[in-house]
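Enquirer: Need a 3D model of the following:
(chains A and B)
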Number of protein chains: 2
Amino acid sequence: MTDLIINLAPTGMIPTQAMNPAVPVTPEEIIADCCRCADLGAAILHVHARDEDGRPTHSREVYGRIIGGIRDRHPDVIICASLSGRDVQELEKRADPLFLEGDLKPDMGSLTLSSLNFTATASVNAPDIIKGLAGIMKDRGIRPELEAFDTGMLNYAGYLIDKGILDPGGYVNLLLGNIASAQLEPAHFAALKSALPHGALWAVGGLGRSQLRANMLGILYADGVRIGLEDDLWLDDARTRPASNPAMVERIVEQAELFGRKPADPVQVREQLGLER
Amino acid sequence: MTDLIINLAPTGMIPTQAMNPAVPVTPEEIIADCCRCADLGAAILHVHARDEDGRPTHSREVYGRIIGGIRDRHPDVIICASLSGRDVQELEKRADPLFLEGDLKPDMGSLTLSSLNFTATASVNAPDIIKGLAGIMKDRGIRPELEAFDTGMLNYAGYLIDKGILDPGGYVNLLLGNIASAQLEPAHFAALKSALPHGALWAVGGLGRSQLRANMLGILYADGVRIGLEDDLWLDDARTRPASNPAMVERIVEQAELFGRKPADPVQVREQLGLER
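Expert: Residues are numbered from 1 along each chain as shown, chains lettered A, B, ... in the order given. From the prediction side, this is the model:
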């Protein structure tokens, strides 16, 4: 079995410390949690920044502090800046972290491949925004972390590859269990797997109670898992045991090892993705 | 084999007579095309209205003229008003045709079950808009025509049924082949079929070159097909033979009959859907 790529999503845009005190929100908290999880086996860190009031921000300055702080201790771990469109539409704002320079430049930027609905909101990622973010990343040598919630988003990835807007291969997170997206159903998973871009590395994550189940599919079938408090705040279905990022990573590492897979080393994942340090 | 429900989408929001002179645009053209296709076997008419400049409109007055004109000649055919969100976000505007009264009230209203991207634009259908349209239709005894482009939209239909916002059963159009949605791939189709609401009548349509192929899946597997110039302007893949709505309906009726299915009568579909005249 190949080594398992563990992609940590520690913060997201929605979780607060009122929901779970272990959610890292300040740059210092995010740095500490990311470094702890890198020690435990995370190879990719999917970072969302927050401003001083705990609200999501696209500020390159805040992203720079987080990225610099992590790299001081973990120079090899792969860092992905979220370019999420849940609250911001303008391309320039969403792309801001991509313009960091030198040691503060992110290795990857997240790229959600269509508009979609969550439980209470629409997340709008219009085609020109997707192409704009992909173009900036290509210009700056930053790899997209493709985020796919349903089969159509993978079809769109194939279209962007055909058009030369995305490079072939690359890296995809499949995210299961959102209310208006693909579920854990085997037929849905088969459809998603059939639609993956040729040669892409792929990981499986899930929202809420789907996270652990999706991660099991990742161990079974995929190159990796996406895991963390961004997607689920609990260790158990009954929601009696609040999770933390290190506790989630420790459990998935144990499960993977019992199955015969060990966590992938970031240096090896850099080689697989053609990412230089 | 059960009779095949033919759902005609004659106009849409994008096609113009510059693209294909057979696109019906004025109320008189739409009425004439719909009546001709009802004669040929269409049981449901999915009507988009246009204003005097040929631009999409949600005006109840224009919808009323079209619905009245069709019912003068075809009192039984089922008429669905498009409530599309491609260009308009406000619930009141989108819902306007639902407030027609008496003989002008539509039987159904279209309800796209999430936000999605088309080739060049995002189509935003936020959760509160979807719930709002569903609520107005329920209050007014109008049936939703559910539009699903991918597995997640069907999952959301199930959620709305569980919450009592939609009635169980109902009617679903599966629309295949949009660039950022499910494709004709068997694995995608299997996922969609597995996610259909229990007891729903369902039809299969497709965008562009996917239309005829999707309609074949409809004849093979589903209760019906969705067909018309809204989704495809051509009779052939090479795009040498411009289509018309009657030509498309005639061909699908021939194909269905060769397979052993005849067009469903609107009176019978009304019974299946619990729609009174």
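
Enquirer: all contacts plus neighbour counts: C-alpha atoms, from now on.
Expert: OK.

Enquirer: Would you mind naming what in chain A lies close to chain B?
Expert: Residues of chain A found near chain B (C-alpha under 8 Å from any C-alpha of the partner chain) are A:113-128, A:150-156, A:159, A:178-183, A:187-188, A:190-192, A:194.

Enquirer: Can you select the buried ones among the residues you listed for me in ChimeraX?
Expert: In ChimeraX, this line selects whichever of these come out buried by 16 or more other C-alpha atoms under 10 Å in any protein chain shown:
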select /A:113,114,115,116,117,118,122,123,124,125,126,127,150,151,152,153,154,155,156,159,178,179,180,181,182,183,187,188,190,191,192,194
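
Enquirer: Just the ones of the residues of chain A next to chain B in strands?
Expert: In this view, those that belong to strands under DSSP state E are A:116, A:117, A:122, A:123.

Enquirer: The last one against residue A:117, yeah?
Expert: Yes - at 5.8 Å, residue A:123 counts as touching residue A:117 under the criterion of C-alpha atoms under 8 Å.

Enquirer: Find the residues that touch each one of the two.
Expert: Among the neighbours of residue A:123, those also in contact with residue A:117 (C-alpha atoms under 8 Å, 6 or more residues apart in numbering or on different chains) are residue B:115.

Enquirer: For stretch A:245-264, the averaged confidence score.
Expert: When pLDDT is averaged over stretch A:245-264, the result is 98.

Enquirer: Identify the residues contacting residue A:23.
Expert: By C-alpha under 8 Å, 6+ apart, the residues touching residue A:23 are A:10, A:11, A:15, A:16, A:17, A:229, A:244, A:245.

Enquirer: Need these in CSV (columns: neighbour count).
Expert: Shown next, in CSV, are the contacts of residue A:23 (neighbours: other C-alpha atoms under 10 Å in any protein chain shown):
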residue, neighbour count
A:10, 27
A:11, 27
A:15, 21
A:16, 19
A:17, 11
A:229, 29
A:244, 22
A:245, 24
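
Enquirer: and of those, the nearest to residue A:4?
Expert: Proximity of these to residue A:4 (C-alpha to C-alpha) peaks at residue A:245, which lies at 17.1 Å.

Enquirer: How many neighbouring residues does the residue lying closest to that closest one once chain neighbours are set aside have?
Expert: Leaving aside its sequence neighbours, residue A:245 sits nearest to residue A:228 (C-alpha to C-alpha, 6 or more residues apart in numbering or on different chains; 5.3 Å). Counted by other C-alpha atoms under 10 Å in any protein chain shown, the residues lying close to residue A:228 total 30.

Enquirer: What does the pLDDT read for residue A:228?
Expert: 98.

Enquirer: same thing with residue A:276?
Expert: Reading off the model, residue A:276 has pLDDT 88.

Enquirer: Spit out the contact partners of it.
Expert: By C-alpha under 8 Å, 6+ apart, the residues touching residue A:276 are residue A:270.

Enquirer: From residue A:12, how far out is it?
Expert: Going from residue A:276 to residue A:12 by C-alpha to C-alpha, to the nearest Å gives 26 Å.

Enquirer: swap in residue A:30?
Expert: 11 Å.

Enquirer: do residue A:167 as well
Expert: From residue A:167 across to residue A:12, the span is 26 Å (C-alpha to C-alpha).

Enquirer: Also residue A:80?
Expert: Taken as C-alpha to C-alpha, the span from residue A:80 to residue A:12 is 12 Å.

Enquirer: Need the residues touching each of those two.
Expert: residue A:47.

Enquirer: So which of these two has more stuff around it?
Expert: residue A:80 (27 against 22).

Enquirer: Can you tell me the centre-most residue of chain A?
Expert: residue A:46 (4.4 Å; C-alpha atoms, centre = their mean).

Enquirer: Pairing partners for the helix or strand containing it, with directions?
Expert: Assigned by DSSP states H and E, residue A:46 belongs to strand A:44-47. The pairing partners recorded for strand A:44-47 under DSSP bridges are strand A:5-8 (parallel), strand A:78-81 (parallel).

Enquirer: so after the first one, what's the next helix or strand?
Expert: What that stands for is strand A:5-8. Following strand A:5-8 in sequence, per DSSP H and E, is helix A:27-40.

Enquirer: in the stretch 51-200 of chain A, which spans are helices?
Expert: If DSSP state H, counting those that start in this stretch is used as the criterion, the helices of the stretch 51-200 of chain A fall at A:60-73, A:91-95, A:127-140, A:151-162, A:186-194.

Enquirer: other SSEs contacting the second one?
Expert: Helices and strands touching helix A:91-95, as assessed by 3 or more C-alpha pairs under 8 Å, 6 or more residues apart in numbering or on different chains; DSSP states H and E, comprise helix A:127-140.

Enquirer: can you give me how far the helix it packs on is from the chain middle?
Expert: Helix A:127-140 has its C-alpha centroid displaced from the chain centroid by 18 Å (C-alpha atoms, centre = their mean, to the nearest Å).

Enquirer: Next, the angle from that helix to helix A:151-162.
Expert: 50 degrees (axes from the mean of the first three to the mean of the last three C-alpha atoms, to 10 degrees).

Enquirer: in helix A:127-140, what counts as buried?
Expert: Residues of helix A:127-140 classed as buried by neighbour count (16+ other C-alpha under 10 Å): A:127, A:129, A:130, A:131, A:132, A:133, A:134, A:135, A:137.

Enquirer: And stretch A:97-117, by the same measure?
Expert: Buried residues in stretch A:97-117, counted by 16+ other C-alpha under 10 Å: A:97-98, A:100, A:104-117.

Enquirer: Show the end-to-end separation of it, please.
Expert: Terminal-residue distance, stretch A:97-117 (C-alpha to C-alpha): 25 Å.

Enquirer: pLDDT averaged over it - what is it?
Expert: 97.

Enquirer: Show me the shaky parts of chain A.
Expert: For chain A, applying pLDDT under 70 flags the ranges A:86-89.

Enquirer: hmm, try it at 90
Expert: Low-confidence segments of chain A, defined by pLDDT under 90: A:1, A:84-90, A:92-93, A:276-277.

Enquirer: Could you pull up phi and psi at the nearest residue in space to residue A:5 that is not next to it in sequence?
Expert: In this structure, residue A:5 finds its nearest non-sequential neighbour in residue A:224, 4.2 Å apart by C-alpha to C-alpha, 6+ apart. Backbone torsions for residue A:224, taken as degrees, to the nearest 10, come to phi -170, psi -180.

Enquirer: Tell me how many other residues crowd residue A:224.
Expert: Neighbourhood size, residue A:224 [other C-alpha under 10 Å]: 28.

Enquirer: Likewise for residue A:213?
Expert: Residue A:213 has 16 neighbouring residues, counting by other C-alpha under 10 Å.

Enquirer: Does it touch residue A:206 like I think?
Expert: Yes - between residue A:213 and residue A:206 there is a contact under C-alpha under 8 Å: 7.4 Å.

Enquirer: tell me what the helix or strand following the strand holding residue A:46 is packed against?
Expert: Counting by DSSP H and E, the next helix or strand C-terminal to strand A:44-47 is strand A:49-50. On a contact count with 3+ C-alpha pairs under 8 Å, 6+ apart, strand A:49-50 meets strand A:56-57, helix A:60-73.

Enquirer: now those as CSV including mean neighbour count?
Expert: Formatted as CSV, the helices and strands packed on strand A:49-50 follow (neighbours: other C-alpha under 10 Å):
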stretch, mean neighbour count
strand A:56-57, 22
helix A:60-73, 20
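
Enquirer: Out of the ones you listed, flag the one nearest residue B:84.
Expert: Of these, nearest to residue B:84 by C-alpha to C-alpha is strand A:56-57, at 31.5 Å.

Enquirer: outside of that closest one, which residues touch it?
Expert: With C-alpha under 8 Å, 6+ apart as the test, strand A:56-57 has contacts from A:13, A:48, A:49, A:50, A:51.

Enquirer: Give me the buried subset of these.
Expert: Here, 16+ other C-alpha under 10 Å leaves A:13, A:48, A:49, A:50 buried among these.

Enquirer: Pull the contacting residues for the third one.
Expert: Read it as residue A:49. A:25, A:26, A:27, A:56, A:57, A:58, A:59, A:62, A:63, A:66.

Enquirer: Quick check: beta-bridge partners of it?
Expert: Where residue A:49 sits in a bridge, its partners, by DSSP bridges, are residue A:57.
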